[in-house]
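In: the sequence and its predicted three-dimensional model are supplied below.
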Amino acid sequence: MKTYLLIIWAVVYLTFPAYAQDLVLEAPAGFDQVQAGIPHGKIDSITYASTTVGTRRKALVYSPPGYSKQEKLPVLYLLHGIGGDEKEWLNGGSPQVILDNLYAAGQLERMLVVMPNGRAMKDDRATGNIFAPDKVAAFATFEKDLLNDVIPFIEKQYGTLTDREHRAIAGLSMGGGQSLNFGLGNLDKFAWVGGFSSAPNTKAPEELLPDPAQAKEQLKLLWISCGDADGLLGFSKRTHDYLYRHEVPHVYYLEPGGHDFKVWKNGLYMFAKFLFKQVDNSQLTKYSLLGTPAETNVPNAKYPQILPDNRVMFRVNAPEAQHVQVDLGKKYDLAKDTAGFWTGTTEPISRGFHYYSLIIDGLAVADPASETFYGMGRMASGIEIPDKDSEYYELKAVPHGDIRIKKYYSQAANDWREMYVYTPPGYDQSELNYPVLYLLHGGGEDHRGWATQGRADLILDNLIAADKAVPMIIVMINGNVGYQGIRGFGENALKAFENELKTAAIPFVEENFRVKTDAANRALAGLSMGGLQTLYAGVRNTDMFAHLGVFSSGWWSNQPELSDPQYAYMAENAAVINKNLENFWISMGGEEDIAYANNKIMMGKFDERGIKYVYSEYAGGHSWPVWRHDLFGFAQLLFK
């Protein structure tokens, strides 16, 4: 029976293409130790005439067990760091041992490995001040030496396959930067590129890959790896972020460790297993031992971590707890280890900002490792998941406005209240009056939401810098007016909000900021509950607001006592509404948005009554990624 099963396995294995990826995520114990009784490759020391440097230079060449020069093999060019030379890998990384063991295990394609001296100058020794300007510059000069001298020599002296599909380049530290610079800069020469703990010589991503589409088409594999405690990790991460945003397939591999050979040997082991085989790009994001700490973590908190495929790893210290979960809309059980830490990994999480909670023995609490945000009616944890489309709300080197926290006494509420006010770049230096957008939050949130979860200031900073939006003031007021739960969506609550807006918030803004006060220069928009408030206070006051934005909202179809009077008002005043409104913009987060059905019914009612509006849809449900995009789109329409 065992023999029969082995035959079936062999037939299945041989029927399908051999893929490099077997989802082994790190080198096994002993991978870098000499094994007895297996064939061994050979290391040759060679010299070549460098026309680039004007002298003869040295390199090492590893050839696999049983190699003869009549055999034509692909080639990996393996580069050292700033403090090394052609022998650094040999002395510190034992590449010949790693490769011999991989061959013995049947896990490696036969190849030559060339280890040159990447310091292209006449005195190329790693002596004296290795950071001297001429020595650093010599690492850049090596690109010419590699292409014009090293590669032609190897291909003349050894049996090699000379097309780009059979040529790879990788390196550690300074050599990692060289590999990315030279490999991605010469995709007509290299189809396989790897950077291990790449150093500051790595070019900016926009310079490395000015044409991501071309790179996507030409690369067989792009590998970026680093230790999580490496001070140079930022150079690898910025490259990964750019590749992620431009959808260039690659491995971004993080592991425990610093800037040392423990990391680099594992990097070589993992990278080499992929080389010169068919690669399944759909699996590449699964290759990493660790994730990147979420940007929403408190300082120095390593968890939660976001893996390259946007799964999230949690680690919680709760030694006395009996049951721990993470609630991200879906609940995930964590497992306890012997030290009292609870760990677990989610499924891939959709882009952008998400609230979450820890549930410890049935009690929902904020994660002490995360920043907290007012949402879900309480202070909750939040996590920012990478978004390929995030450029419009990223912090950039553009002029920035300010978020000002203002307290005011409201006669409508008979209490002190607070608002956040965004003023555009240059407001304090100008004497101009600005148009105003009054921007409203959703249920369970408050006036802080658009500034923190929504990143309204960054969205406007970037739009204004790109000349896509008119400089404007944004007033984020607290739409909670004393009604709790479902009552906060009723007509009494909507009337109370309208009164707060008209008699307290707007007068305060117009007394304390340089704003234009006519309807054409005043807008009102809101998400979810704030969308209902916009529908109520905005539609009934089109003499005050010429621009309305309704995000993920709509009159509730199952509450005719609330919605019917609104539709009746619109039918009676359709001509005035259409005349007064320059923009009536309605947006949804697709069919998964919880307000989608109500909104669809509402727009049908608008159509029946002849109300003019523009509809926009951005997939993502009832969530902050959608509402950020709504603000991005709506702001570009205003005051023009």
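Out: It's in. Numbers count the residues shown, from 1 in each chain.
In: how about the helices in the stretch 201-350 of the chain?
Out: Counting by DSSP state H, counting those that start in this stretch, the segments of the stretch 201-350 of the chain that form helices are 205-208, 212-218, 233-245, 261-274.
In: so which of the ones you listed is the most surrounded?
Out: Most buried of the helices of the stretch 201-350 of the chain by mean neighbour count (mean count of other CB atoms under 10 Å) is helix 261-274; its value is a mean of 23. C-beta: built from backbone N, CA, C; applies to glycine.
In: show me what that helix is packed against.
Out: Taking 3 or more CB pairs under 8 Å, 6 or more residues apart in numbering; DSSP states H and E as contact, the helices and strands that helix 261-274 lies on are helix 88-93, helix 95-104, strand 167-172, strand 192-196, strand 221-227, strand 251-255.
In: buried residues in the one helix or strand Phe606 maps to, which are they?
Out: The secondary structure element spanning Phe606 is helix 596-609 (assigned by DSSP states H and E). By neighbour count with 16 or more other CB atoms under 10 Å, helix 596-609 contains the buried residues 596, 598-599, 601-603, 605-606, 609.
In: show residues contacting that helix.
Out: For helix 596-609, the surrounding residues in contact (CB atoms under 8 Å, 6 or more residues apart in numbering) are 552-557, 563, 567, 570-571, 574, 586, 588-590, 593, 613, 615.
In: same check, this time on stretch 123-140
Out: Contacts to stretch 123-140, defined as CB under 8 Å, 6+ apart, come from residues 53, 57, 82-85, 117-121, 174, 177-178, 181, 201.
In: on that earlier part again, looking at the buried residues of helix 596-609, spot the one nearest Ile151.
Out: Nearest to Ile151, judged by CB to CB, of the buried residues of helix 596-609 is Tyr596 at 58.1 Å.
In: measure the closest one to Asp387 for me?
Out: Counting by CB to CB, to the nearest Å, the gap from Tyr596 to Asp387 is 21 Å.
In: same check, this time on Met270
Out: Summarising the geometry, the distance separating Met270 from Asp387, computed by CB to CB, is 27 Å.
In: could you verify that Tyr30 is part of a helix?
Out: For the record, residue 30 is Gly, not Tyr. No - according to DSSP: H, G, I helix; E, B strand; the rest coil, Gly30 belongs to no helix; its state is coil.
In: give me every residue that touches it.
Out: Neighbours of Gly30 in contact, by CB under 8 Å, 6+ apart: Asn101.
In: can I get the helix holding Phe606 as CSV, trimmed to CA atoms?
Out: What follows is helix 596-609 as a C-alpha-only set of coordinates in CSV (Å, rounded to 0.1, in the frame of the first residue of the first chain):
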residue,chain,number,x,y,z
TYR,A,596,-26.7,50.6,0.6
ALA,A,597,-30.3,49.4,0.4
ASN,A,598,-31.7,52.5,2.2
ASN,A,599,-29.6,54.7,-0.1
LYS,A,600,-30.8,53.0,-3.2
ILE,A,601,-34.5,53.4,-2.2
MET,A,602,-33.8,57.0,-1.3
MET,A,603,-32.3,57.8,-4.7
GLY,A,604,-35.3,56.3,-6.3
LYS,A,605,-37.5,58.7,-4.3
PHE,A,606,-35.2,61.6,-5.4
ASP,A,607,-35.6,60.6,-9.0
GLU,A,608,-39.4,60.5,-8.6
ARG,A,609,-39.4,64.0,-7.2
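In: and the next helix or strand past it?
Out: Beyond helix 596-609 in the direction of the C-terminus, DSSP H and E gives the next helix or strand as strand 614-617.
In: tell me the buried residues in that next one?
Out: When burial is assessed from 16+ other CB under 10 Å, strand 614-617 yields no buried residues.
In: what does stretch 284-293 give?
Out: Neighbour-count burial for stretch 284-293 flags 284-285, 287-288, 290-293 (criterion: 16+ other CB under 10 Å).
In: where in the protein is the helix or strand with the lowest mean pLDDT?
Out: Averaged element by element with mean pLDDT, DSSP states H and E, the chain has its least confident helix or strand at helix 2-15 (a mean of 31).
In: following element in sequence after that helix, please.
Out: Note on helix 2-15: by DSSP H and E, the next helix or strand toward the C-terminus is strand 42-50.
In: now that following strand: how far from the chain's centre is it?
Out: Distance, stretch centre to chain centre, for strand 42-50: 43 Å (CA atoms, centre = their mean, to the nearest Å).
In: got it, and stretch 174-181?
Out: Between the mean C-alpha location of stretch 174-181 and the chain-wide mean there is a distance of 23 Å, by CA atoms, centre = their mean.
In: and if you look at stretch 443-460?
Out: Between the mean C-alpha location of stretch 443-460 and the chain-wide mean there is a distance of 20 Å, by CA atoms, centre = their mean.
In: mean confidence for that stretch?
Out: Within the predicted structure, the mean pLDDT of stretch 443-460 is 97.
In: and it, what's buried?
Out: Judged by neighbour count using 16+ other CB under 10 Å, the buried positions of stretch 443-460 are 443-460.
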